[in-house]
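Peer 1: Model the structure of this input:
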Amino acid sequence: MSHSIVALLVFLVVSLSALLGLYISTRLPDHHLSDDSMSAIKLSIGLVATIAALVLGLLISSAKNSFDAVNNALIQNAANMIRLDSVLSQYGPETGPLRQTLKRNYADWIALIASNDATRDARLDSPAIIGRMEEFGRGIESLQAANDTQRDLKTRAKQIADDVFTARSLALLRREGTLPRTLMFVLVCWLAVIFGTFGVLSPRNGTVIFAFLICALCASGAIFVILEMDTPLDGVIRVSTRAMREALERLGR
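Peer 2: Model prediction:
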């Protein structure tokens with residue numbers, strides 16, 4: 001289910017809860033809405049609202065950390081690609097085919113990350129791409145070092161290639177999101193209870209209903225942002241490939 005649909009469902013649930021609260025308030029006996037009763041309800045719902053605010057802040061922080069982790073991994077990956085190409089260039093002209101393969105594979109990887117193809121996720125973990133990575137690693141291993149300088153460069157190239165593949169794996173592992181869906185569901189239930197209680201305690205007029213709708217829109221927007229940042233490779237809010245494209249232009253020079 002897309003994040004936009006989830007946010008729309010949250011908006012509907014929260015809005016309907018507020019409207020249901022307004023309706024229930026007209027059916028309750030007057031003594032249920034006395035000053036003492038309303039004070040007790042406000043204290044109780046204040047506790048729920050505080051917990052919901054803390055959880056919402058926690059989810060936003062966690063989603064932002066996931067987004068930053070993937071973004072930083074891709075930026076570091078771009079820097080490592082430049083380093084790897086430079087080390088291979090220093091090794092000698094015999095690494096020319098390896099450098100061409102590196103640039104071609106990296107261009108395919110960037111195109112795949114930036115695409116919105118429905119089959120993209122399956123292609124990211126496809127045996128063909130994994131095979132290319134392994135073949136490139138074997139290409140570095142097969143280099144015949146003629147002196148200490150080349151042996152040192154070969155060792156560095158292998159280490160940098162491992163770092164590149166590690167960063168790639170990190171990005172792939174986080175592409176599905178890390179937030180527990182159960183916690184998200186519970187949070188939405190809390191929001192529904194909070195808005196429903198607001199409806200019970202509020203007068204029935206157009207201004208109140210409009211305010212409830214605006215607040216429900218803000219709450220659903222927060223859920224949308226959380227879901228978007230938790231999946232950095234998909235959706236509207238996604239990591240930029242600018243650093244990767246800049247690195248690609250510098251490969252092979």
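Peer 1: Could you report the pLDDT at the residue nearest to L187 when sequence neighbours are not counted?
Peer 2: Spatial nearest neighbour of L187, excluding adjacent residues (Cβ to Cβ, 6 or more residues apart in numbering): V55 at 5.4 Å. (Each C-beta comes from the backbone N, C-alpha and C, glycine too.) pLDDT, V55: 92.
Peer 1: V55 contacts C189, doesn't it?
Peer 2: No - contact between V55 and C189 fails when scored by Cβ atoms under 8 Å: they sit 11.3 Å apart.
Peer 1: can you list the weak-confidence ranges in the stretch 151-253 of the chain?
Peer 2: The model of the stretch 151-253 of the chain has pLDDT under 70 over residues 173-177.
Peer 1: can you map out the helices along it?
Peer 2: 181-201, 206-230, 242-250 (DSSP state H, counting those that start in this stretch).
Peer 1: in the longest one, what counts as buried?
Peer 2: When neighbours are counted by 16 or more other Cβ atoms under 10 Å, the buried residues of helix 206-230 are found to be 209, 212, 215-216, 219-220, 222-230.
Peer 1: relative to helix 181-201, how tilted is it?
Peer 2: 170 degrees (axes from the mean of the first three to the mean of the last three Cα atoms, to 10 degrees).
Peer 1: Show me what helix 206-230 is packed against.
Peer 2: In this structure, helix 206-230 packs against helix 3-27, helix 35-91, helix 181-201, with contacts taken as 3 or more Cβ pairs under 8 Å, 6 or more residues apart in numbering; DSSP states H and E.
Peer 1: right, and those helices - which one's nearest S169?
Peer 2: Relative to S169, the nearest member of the helices and strands packed on helix 206-230 by Cβ to Cβ is helix 35-91, separated by 9.1 Å.
Peer 1: Return the helix or strand that the closest one is followed by as CSV; C-alpha atoms alone will do.
Peer 2: Following helix 35-91 in sequence order, the next helix or strand is helix 96-114 (DSSP states H and E). Taking Å, rounded to 0.1, in the frame of the first residue of the first chain, the C-alpha atoms of helix 96-114 are listed here in CSV:
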residue,chain,number,x,y,z
GLY,A,96,41.7,-0.2,-18.0
PRO,A,97,39.1,-2.9,-18.5
LEU,A,98,38.4,-3.0,-14.8
ARG,A,99,37.9,0.7,-14.7
GLN,A,100,35.5,0.6,-17.6
THR,A,101,33.5,-2.2,-16.0
LEU,A,102,33.4,-0.2,-12.7
LYS,A,103,32.0,2.9,-14.4
ARG,A,104,29.5,0.9,-16.4
ASN,A,105,28.3,-1.0,-13.4
TYR,A,106,28.1,2.1,-11.3
ALA,A,107,26.0,3.9,-14.0
ASP,A,108,23.6,0.9,-14.0
TRP,A,109,23.4,1.0,-10.2
ILE,A,110,22.5,4.8,-10.2
ALA,A,111,19.9,4.3,-12.9
LEU,A,112,18.4,1.5,-10.9
ILE,A,113,18.3,3.5,-7.7
ALA,A,114,16.7,6.5,-9.4
